[in-house]
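From the sequence below, what's the structure:
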Amino acid sequence: MSQEKEKHKKSLWREILESVVLAVVLAAVIRIWFLEPFYIPSTSMEPTLYPQDRIIVNKIGYKFRQPERGDVVVFKYPLDPQRDFIKRVIALEGETIEVRDNCVFINGKRLEEPYLTDEVVADFGPYVVPKDHLFVMGDNRNNSDDSRVWGPLNKKYLVGKAVFVYWPPERIMVIK
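Residues are numbered from 1 along each chain as shown. All right, here's what the predicted structure looks like:
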């Protein structure tokens, strides 16, 4: 009887260990290939995202489709790929962007931006976005280090699309 108890006890510990290893492997696979959490360190995306917001980024979506205007994207900062940045896609490759009279124009047509609360101060462009690049800007236009400063974003630096805020609880929302 005691030999059976000993055998059962070893089996139970082995099952627990296998479950923990499986959970760690699954979590690593999900984080590396599908979804990754990030936090917001600056005010450049206000009023959409605030400092210390925690978000989830879909890393696999852009493997199957192209980014669209209005997507909020996380990417490696082109001037220092060790840093992650988050901005909104404003113009796509081949489009001409211009900022004048506190409005953004894409190919001469005014862009509706309901997510903005402040006026844009400085004029920019016109500028044609090169092939395989995006033009990204922060929603806090007057306090954002974005494509107006360092140029268009090569798509190779994209990490993924920001999909929702999960922390703090009062700010849980889908990112639009």
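
Please count neighbours and contacts with C-alpha atoms only from this point.
Fine.

Now stretch 136-155: buried residues?
Buried residues in stretch 136-155, counted by 16 or more other C-alpha atoms under 10 Å: 136-141, 144-148, 152-155.

Any chance you could give me stretch 55-62 in PDB, C-alpha atoms only?
This file holds the C-alpha atoms of stretch 55-62, laid out as PDB (Å, rounded to 0.1, in the frame of the first residue of the first chain):
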ATOM      1  CA  ILE A  55      -2.100  47.700 -24.000                       C
ATOM      2  CA  ILE A  56      -2.200  44.500 -26.100                       C
ATOM      3  CA  VAL A  57      -0.600  44.400 -29.500                       C
ATOM      4  CA  ASN A  58      -1.700  42.000 -32.200                       C
ATOM      5  CA  LYS A  59       1.700  40.900 -33.800                       C
ATOM      6  CA  ILE A  60       0.300  38.500 -36.400                       C
ATOM      7  CA  GLY A  61      -2.300  40.600 -38.200                       C
ATOM      8  CA  TYR A  62       0.100  42.500 -40.500                       C
END
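
how far is it from where the chain is centred?
Shown here is stretch 55-62, whose average C-alpha point lies 7 Å from the average C-alpha point of the whole chain (C-alpha atoms, centre = their mean, to the nearest Å).

was I right about Phe135 contacting Val149?
No - checked against C-alpha atoms under 8 Å, the pair Phe135 and Val149 is beyond contact range at 10.8 Å.

which residues does the spatially most central residue of the chain contact?
Centrality entry for the chain: nearest residue to the mean C-alpha point is Val74, 2.8 Å, by C-alpha atoms, centre = their mean. For Val74, the contacting residues are Val57, Asp84, Phe85, Ile86, Lys87, Leu158, Val159, Gly160, Lys161, Ala162, taking C-alpha atoms under 8 Å, 6 or more residues apart in numbering as the criterion.
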